[in-house]
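>>> Got a sequence here, can you model it:
(one chain, ligands or ions: 1)
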Amino acid sequence: MEEFDVCNICDGSGHFENALEHKRIPSNVRKFKYHKFTVWRCKNCHSLHSKEAVDLATYYNGYPINNNRLGYVIRAGYSNRLKTLRKYGLRENHTILDFGCGNGLFVSFLKEQGYTAFGYDAFVEACADKDVLNRSYDIVVSYDVIEHFFSPLDFLHDLVKCLNKGGTLFLETPDAEKIDLAESEKFSMALHQPFHRHILTKKALLDLGRQVDLKLLKTINRSCMDTLYPIVNVRFLSDYVYQTGGILDTVFEKFNPKVLLKSPLLIFYCFFGYFFPKSTTMVTVFRKDY
Ligand SMILES: [Zn+2]
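A predicted model of the protein is given here:
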């Protein structure tokens with residue numbers, strides 16, 4: 001394992017020594033909250049990189065996101081995701097691959113809705129069967145995954161290989177341009193150390209898309225999990241995490257209403273956060289024409 005001190009997103013002249021900025025950031029997973037990592041911003045493409053080499057298998061052991069269950073919040077968010085997929089091309093007879101599916105919750109939801117869906121996740125034993133990657137699909141989705149890979153371009157190649165001709169790719173990922181390292185504690189979800197290896201800017205992501213000959217259909221500057229239902233919006237959830245100490249695990253634990261009582265703004269976001277989207281999230285929709 002090597003340190004990431006040279007940008008692997010742009011032309012390689014951006015490196016840690018001439019970084020625009022850098023900061024030591026603690027992990028936002030409870031088990032590792034005393035571990036700190038260096039995040040630096042490339043002077044050319046403004047993407048963010050996690051510098052130190054880490055054995056990710058150690059960190060993914062007991063990963064809190066994999067404790068997710070199909071409760072009210074997730075169902076409401078997934079319904080909204082599905083609406084976005086339908087709006088940009090999903091049809092009932094289509095096959096879907098969720099690449100980086102975690103414990104496969106969204107795949108289960110899609111199956112419940114009558115779709116033919118498959119999932120793959122290298123770090124979840126039940127979903128790590130690589131056979132699903134040897135086929136191609138009408139729709140490939142990848143939510144908050146590309147930023148976890150050591151090489152975003154290689155990952156994009158893998159996604160494209162799984163797409164049929166004319167197939168559509170939905171990618172959700174944080175936008176590095178919207179993250180302020182000076183106030184990193186407010187962006188602990190987007191920085192998510194040490195799991196997020198490279199966080200792209202929108203321009204960098206679109207450049208990578210062009211390199212693998214994908215046609216851009218749409219960019220959306222909010223999460224597909226943003227809804228008008230109370231609690232189910234990223235603005236509320238990320239502020240709730242911030243006010244409870246910046247630990248991601250709290251999202252997947254019993255909701256603590258006492259936190260709301262201390263913050264009128266949080267109560268407001270609980271109901272109206274949809275109208276104040278947390279713009280660190282972007283969704284891009286690409287089509288493969290070949
Ligand atoms: Zn760069």
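>>> mind checking how far whichever residue of the stretch 151-290 of the chain sits closest to the ion is from residue 7?
Residue of the stretch 151-290 of the chain nearest the ion, by Cβ to the ion: residue 204 (7.0 Å). C-betas here are computed from N, CA, C, even on glycine. Relative to residue 7, residue 204 is positioned 9 Å away (Cβ to Cβ, to the nearest Å).
>>> what do these two both touch?
Shared contacts of residue 204 and residue 7, defined by Cβ atoms under 8 Å, 6 or more residues apart in numbering, are found at 45, 47.
>>> where along this structure do the helices fall?
Secondary structure of the chain (DSSP state H): helices located at 56-60, 72-87, 105-112, 152-161, 188-191, 202-211, 234-243, 258-261, 264-272.
>>> So residue 84 is in contact with residue 283, correct?
Yes. Counting by Cβ atoms under 8 Å, residue 84 does reach residue 283; the two are 7.2 Å apart.
>>> what do these two both touch?
With Cβ under 8 Å, 6+ apart as the test, residue 84 and residue 283 both reach 170, 220, 224.
>>> and residue 23, how many residues sit next to it?
When counting by other Cβ atoms under 10 Å, one arrives at 16 neighbours for residue 23.
>>> Now do the contacts for it.
Residue 23 touches 38-39, 181-182, 184, counting by Cβ under 8 Å, 6+ apart.
>>> Give the partner strands of the longest strand seen in the chain in its sheet and their orientations.
Taking DSSP state E as the criterion, the chain has its longest strand at strand 163-174. Its sheet considered, strand 163-174 pairs with strand 137-143 (parallel), strand 281-288 (antiparallel) by DSSP bridges.
>>> Deepest in the core, which of those is it.
The highest mean neighbour count among those, using mean count of other Cβ atoms under 10 Å, belongs to strand 137-143: a mean of 23.
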